[in-house]
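Undergrad: Provide a 3D model corresponding to the input given below.
(2 chains)
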Amino acid sequence: MLDRESGFADEKVIGLLRRSFVPVALDVWYEERRQDAAGELFRKVVYQREGMEPGRTTQGLYVCAPDGTLLAGWNNRDAARLRDRLGAALDGWRPRPAGAPPETRGLEGKRGAGQEERDAAADPRFARAPPDGGLVVAVHSRIVKADWPDTRDAWERIHQRASGFDHLWITRDEVEALARGDFPRSLAVRIARFHCIDNTRGEPPMWEKGEVRALAIGFADGGGSGARTGAAAGARPARAAGARSAGAAGGGPIDGEIALLTDAGDRGFTARAFGVVERSGDRITRFDLVIRGEFFGEGTYTKGAPPGKFTLAIAFTLAGDGADGAVPPQGARWLDDYYGRV
Amino acid sequence: MRRNWIALVAAAAVAAHAASETAAWAAAHPAVAAGAILAPDDPVGSRGEGRDAAVPPVTRAEFERLQRELVPRSDAPWRTIPWSVDLLAARAEAERTGRPLFLWAMNGHPLGCT
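TA: All right, here's what the predicted structure looks like:
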């Protein structure tokens, strides 16, 4: 994503944001729709921007007072312009004098509420939280080989080496299955449909159920109690014969194949997978997975894909404890579909 | 020993593809086009071995290399900014500290997808 590699990689911008602002990162898809205090505040801020009207994208960068009064609003990624805008906004900022009444007029009912109260007051249609008892996995994607056209354009060069970033949510039931050494079908389908995507240039289309042409993900050398079959014993590929990790769930590495293709034939991904899952008791202590394959095509918001087929790699690993761990997967906008409930 | 394989193949949908590009793709993936289905107990290689010979397996060495290369350092510059993902909590913080709010608002969460 361009912003992470441009404006928010600038030391002066980082310093300004750390010292003088309260920085917030938001997905406008949720904020535009939610009918609650947070949605009200967001819409109040963004619709003060010059030229803004319903129907236009609210994507952008905004500086505002706690009551939602806009101090600056723009949509440009250039680091120098970002520094200038932040500086100018600070020049115009007059903090509320100590002892003055709060600035959140019109939102008093939610002001001062604790986290539980805010959660309770949130529009449930757009409330997203990591699965109770489940896992949050960070997902990183990058095009590792492509016939990119030559360019001297700095933005294009950022595009060509850009990474995509998302989260995978694994439910409690699926964690329990993994700890038993089973790779749940629901998890494999979720990975294929919502995480085998090229999100290196923007919001990608997900895969419809019928676009999953072939999918096989599992522990290549299970150590469970199932019966040994002649076919399994005779056909094990060499890659599945790796040494077991101490505490490895399923006894061996994850192995897999995935084939995805739209009905129109204009976008596809054929890939192989390898990974390691480790457990301690009932806890999963490691979930590292790599999916790598040949991708072609692009989506409405991911224009500029390399010509022809290119190699896309996607790496999964358990997420840390930072704030971004609370960010829902892109596919969780359609939560029931994401969890395979529909 | 048990292999915990699951599989899903929409062979009928593949067969319905008329577009030449799709036909070419299917030709390159004969087992998928033919509807080779991996049953839960099917081992790798028992069916459709080489069903996509053009895409080689991920070796352990490649897996380890790609994990290193793709997973960013926790100290990547943008990660050092103390982002909040809760607008109301951030507003309370802004009031408490006397600082303005800075909103990074994107279609697709800036700290998530994209």
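
Undergrad: what's the spacing between residue B:54 and residue A:145?
TA: Noted for residue B:54: a distance of 13 Å to residue A:145, by C-beta to C-beta, to the nearest Å. In this view, the C-beta of every residue, glycine as well, is placed from N, C-alpha and C.

Undergrad: quick check, residue A:12 in a strand?
TA: No. Assessed by DSSP: H, G, I helix; E, B strand; the rest coil, residue A:12 does not belong to a strand; its assignment is helix.

Undergrad: Is the residue nearest to it when sequence neighbours are not counted part of a helix or strand, or is it coil?
TA: Spatial nearest neighbour of residue A:12, chain neighbours left out: residue A:83 (5.3 Å); criterion: C-beta to C-beta, 6 or more residues apart in numbering or on different chains. Residue A:83 falls in the helix class when you classify it by three-state DSSP.

Undergrad: three-state assignment of residue A:294?
TA: Per three-state DSSP, the secondary structure class of residue A:294 is strand.

Undergrad: Am I right that it is in contact with residue A:269?
TA: Yes. Residue A:294 is in contact with residue A:269 according to C-beta atoms under 8 Å; the separation is 7.2 Å.

Undergrad: quick one: common contacting residues for the two?
TA: Common contact partners of residue A:294 and residue A:269 (C-beta atoms under 8 Å, 6 or more residues apart in numbering or on different chains): residue A:312.

Undergrad: Which one's more surrounded, these two?
TA: The neighbour comparison of residue A:294 against residue A:269 (other C-beta atoms under 10 Å in any protein chain shown) goes to residue A:269, with 25 against 18.

Undergrad: The helix or strand hosting that one near chain B at all?
TA: Element membership of residue A:269, judged by DSSP states H and E, is strand A:268-280. Yes. Strand A:268-280 reaches chain B (C-beta under 8 Å from any C-beta of the partner chain) through A:268, A:270, A:271, A:272, A:273, A:274, A:275, A:276.

Undergrad: Report all helices and strands that that strand contacts.
TA: Judged by 3 or more C-beta pairs under 8 Å, 6 or more residues apart in numbering or on different chains; DSSP states H and E, strand A:268-280 is in contact with helix A:172-180, strand A:254-261, strand A:283-296, strand A:310-318, helix B:60-70.

Undergrad: would you turn the ones you listed into JSON lines with distance to residue A:25?
TA: Putting those into JSON lines (distance: least, C-beta to C-beta, whole Å) gives the following:
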{"stretch": "helix A:172-180", "distance to residue A:25": "27"}
{"stretch": "strand A:254-261", "distance to residue A:25": "29"}
{"stretch": "strand A:283-296", "distance to residue A:25": "25"}
{"stretch": "strand A:310-318", "distance to residue A:25": "21"}
{"stretch": "helix B:60-70", "distance to residue A:25": "21"}
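
Undergrad: most tightly surrounded among those?
TA: Looking across the helices and strands packed on strand A:268-280 with neighbours counted as mean count of other C-beta atoms under 10 Å in any protein chain shown, the highest average goes to strand A:254-261: a mean of 26.

Undergrad: What number of residues are in the vicinity of the spatially closest residue to residue A:310 that is not a sequence neighbour?
TA: Excluding its sequence neighbours, the residue lying closest to residue A:310 (C-beta to C-beta, 6+ apart) is residue A:146, at 3.6 Å. By other C-beta under 10 Å, 16 other residues sit near residue A:146.

Undergrad: what's near enough to touch residue A:146?
TA: Residue A:146 makes contacts with A:160, A:306, A:310, A:311, as judged by C-beta under 8 Å, 6+ apart.

Undergrad: so where's the stretch 151-300 of chain A shaky on pLDDT?
TA: By pLDDT under 70, the low-scoring segments of the stretch 151-300 of chain A are A:221-251.

Undergrad: Could you verify that residue A:18 is part of a helix?
TA: Yes. Counting by three-state DSSP, residue A:18 is found in a helix.

Undergrad: Quick check: it touching residue B:78?
TA: No. Residue A:18 is beyond contact range of residue B:78, at 11.8 Å (criterion: C-beta under 8 Å).

Undergrad: Of those two, which one has the most company?
TA: Between residue A:18 and residue B:78, counted using other C-beta under 10 Å, the more crowded position is residue B:78 (23 against 12).

Undergrad: Please name the nearest non-neighbouring residue to the more buried one.
TA: Counting by C-beta to C-beta, 6+ apart, the residue nearest residue B:78 is residue A:8, at 4.0 Å.

Undergrad: can you map out the strands along chain B?
TA: With DSSP state E as the criterion, chain B has strands at B:101-106.
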